[in-house]
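predicted model and sequence follow; I will ask about them next.
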Amino acid sequence: MNYLSKISEQVAKVPRSGIRDFFELVQGRDDVISLGVGEPDFATPWHIREAAIYSLEKGQTSYTSNLGLLKLRKLISEYVGDFFNVDYNPADEILVSVGVSEAIDLALRALLNPGDEVIYHEPCYVSYSPSIMMAHGVAVPVATKKSDGFALKAEALEKSITPKTKVLMLNFPTNPTGAIAPKKDLEEIAELCIKHDLMVLTDEIYSELIYGEEEHVSIASLPGMKERCVLLHGFSKAFAMTGFRLGYACAPAPVIDAMMKIHQYSMLCAPMMSQVAAIEALQNGAKAVAEMKKAYHQRRNFMVKRLNAMGMECHMPGGAFYVFPDIRKFGMSSKEFAMKLLEETSVAAVPGDAFGESGEGFLRCCYATSMEQIREAMTRMEQFVRNLNSQ
Ligand code: PLP
């Protein structure tokens, strides 16, 4: 059968993830040190795993409310109130989703009509542009620059706003650059959103993982912004719970209600076992989060120092767990560089163009891996760069 005519044209247009393609090459090679996939090397803290196991032992294996367990939504409301400084009503302003991934999809599908434009800053998480396309929107990237620490500047943003712009997507700290957003930048961005009546999808999945003096500020906490924001957060990164697939969206009730319509028919609810684990994470997980954050902080400092010393220039990322060195001076594309690095040193890092055109000329190195592995990867990369320089 010719499946080309059977597959939806919209889906056929969507490219495969550049990260997955690259990592298929690495599969089955146990000599490879991976600075690739963006997930914590830590197993989920034991007390959280134990809560999930106990929930299974008790036979808690049913569906939950579509929005998620009320106890969990109450705890999320408290956590978001304390941490992000925005109050959401657990009854109708919070939806528990299958990871932030599902929440991104729900929010876009709930907000967009065909042809609506969605602006996002690039380089960015690989799912943004495909998710916008699959929601029949038009993806409008705004390139950010290394010289600005990959921050999104209001001036650049305003140039991309048209009468068709409906949504702005933000992600601070940013995957893949580790950029954070100073409050002043967010205030200027918020002003533009109000002026142009934009909705904002703010993916704050890395917000606990900020290492410097600056505190995380959510754009939803700024005056006049809660009503136009969908705040997305989850348990994958800070709590090391990627496999539990648990996230949440906080937004005004009519937006949550629209997202709920899609969620109830497509997903029904997030897994109960994971929701019970998330309750434990919010009640007793702070210490483990702080310990993992301390480890990431040390690894970030070490990796940035070593990369700069070997001539792979990188800015100091303020958050998340990625370093984004500039490889333009080596005269190769990101893909060529990453492939050569893999072939010659068995170190895997993601070519920057996987995160959009403006990521070309960069490499994403994830430091959510052990210090021992990072040390060895840096030694191999140093030799690799020395060889390149002597050619
Ligand atoms: N948003 C960003 C910026 C990410 O980097 C990721 C995962 O890497 C996700 C969302 C997906 O998170 P989840 O595991 O909650 O679906």
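Yes, it's here.

from now on I want contacts and neighbour counts done on CA atoms only, so please keep to that.
Will do.

how about the residues of the chain by the ligand?
38, 99-101, 125, 175, 205, 234, 236, 242, 245-247 (CA under 6 Å from any ligand atom).

select only the buried ones of those in PyMOL?
Burial among the residues of the chain next to the ligand is assessed by 16 or more other CA atoms under 10 Å; the matching PyMOL selection reads:
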select buried, resi 38+99+100+101+125+175+205+234+236+242+245+246+247
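
torsion angles phi and psi at the residue lying closest to residue 88 once chain neighbours are set aside?
Using CA to CA, 6 or more residues apart in numbering and skipping the chain neighbours, the partner closest in space to residue 88 is residue 77 (5.7 Å). The phi and psi values for residue 77, taken as degrees, to the nearest 10, are phi -60, psi -40.

before we move on, back to that, need the residues of the chain next to the ligand in a markdown table (columns: secondary structure).
A markdown table is the format used below for the residues of the chain next to the ligand (DSSP: H, G, I helix; E, B strand; the rest coil):
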| residue | secondary structure |
| --- | --- |
| 38 | coil |
| 99 | helix |
| 100 | helix |
| 101 | helix |
| 125 | coil |
| 175 | coil |
| 205 | coil |
| 234 | strand |
| 236 | coil |
| 242 | helix |
| 245 | coil |
| 246 | coil |
| 247 | strand |
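
next, format the residues of the chain next to the ligand as CSV and append pLDDT.
Shown next, in CSV, are the residues of the chain next to the ligand (pLDDT from 0 to 100):
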residue, pLDDT
38, 86
99, 98
100, 98
101, 97
125, 96
175, 97
205, 98
234, 98
236, 98
242, 97
245, 98
246, 98
247, 98
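
shouldn't residue 213 be within a helix?
No: using three-state DSSP, the assignment for residue 213 is coil, not a helix.

which phi and psi does it have?
Per-residue torsions, residue 213: phi -70, psi -30 (degrees, to the nearest 10).

ok, now how distant is it from the ligand?
22 Å (CA to the nearest ligand atom, to the nearest Å).

assign a three-state SS to residue 200, would you?
Strictly by three-state DSSP, residue 200 counts as strand.

surely it is in contact with residue 227?
No: using CA atoms under 8 Å, residue 200 is not in contact with residue 227, being 9.6 Å away.

compare the two (neighbour count), which wins?
Remark: of residue 200 and residue 227, residue 200 carries more neighbours, 26 against 14, as counted by other CA atoms under 10 Å.

what's the first helix or strand after the worst-scoring helix or strand of the chain on mean pLDDT?
Between all helices and strands in the chain, the lowest mean by mean pLDDT, DSSP states H and E belongs to helix 18-26, at a mean of 74. Going down the chain from helix 18-26, the next helix or strand is strand 33-34, by DSSP states H and E.

please name every helix or strand in contact with that following strand.
Using 3 or more CA pairs under 8 Å, 6 or more residues apart in numbering; DSSP states H and E as the contact criterion, the elements in contact with strand 33-34 are strand 347-348.

give me the contacts around the strand it packs on.
26, 32, 33, 34, 35, 36, 338, 341, 342, 377, 380, 381 (CA atoms under 8 Å, 6 or more residues apart in numbering).

same check, this time on stretch 125-132
Residues outside stretch 125-132 that contact it (CA under 8 Å, 6+ apart) are 14-15, 17-19, 101, 104-105, 108, 118, 120, 138-139, 174-176, 354-356.

that one: which residues count as buried?
125, 126, 128, 129, 130, 131, 132.

for the second one, helix, strand, or coil?
Three-state call for residue 126 (three-state DSSP): coil.

what pLDDT is listed against it?
Predicted confidence (pLDDT) for residue 126: 94.

show me what contacts whatever residue of the stretch 251-391 of the chain ends up closest to the ligand?
Relative to the ligand, the nearest point of the stretch 251-391 of the chain is residue 320 (8.5 Å; CA to the nearest ligand atom). By CA under 8 Å, 6+ apart, the contact list for residue 320 reads 173, 174, 175, 178, 206, 207, 209, 210.

same deal with residue 356?
When contacts are counted by CA under 8 Å, 6+ apart, residue 356 touches 122, 123, 124, 126.

next one: residue 71
Neighbouring residues of residue 71 by CA under 8 Å, 6+ apart: residue 279.

can you tell me the element it falls in?
Counting by DSSP H and E, residue 71 is part of helix 70-84.

if we can go back for a sec, give me the contact list for the least confident helix or strand of the chain.
Contacts of helix 18-26 (CA under 8 Å, 6+ apart): 32, 36, 37, 126, 348, 350, 354, 355.

what is the nearest of those to residue 7?
residue 126 (21.9 Å; CA to CA).

ok, the closest residue to residue 257 other than its chain neighbours - contacts?
Nearest residue to residue 257, sequence neighbours excluded (CA to CA, 6+ apart): residue 92, at 7.6 Å. By CA under 8 Å, 6+ apart, the contact set of residue 92 is 252, 253, 256, 257.

which two of these have the greatest separation?
The span of the contacts of residue 92, defined through CA to CA, is set by 252 and 257 at 8.7 Å.

where along the chain do the strands fall?
For the chain, the strands defined by DSSP state E occupy 33-34, 94-97, 117-122, 138-143, 165-170, 199-203, 229-234, 247-250, 322-323, 347-348, 350-351, 363-366.

for the last one, list every residue counted as buried.
Buried residues in strand 363-366, counted by 16+ other CA under 10 Å: 363, 364, 365, 366.
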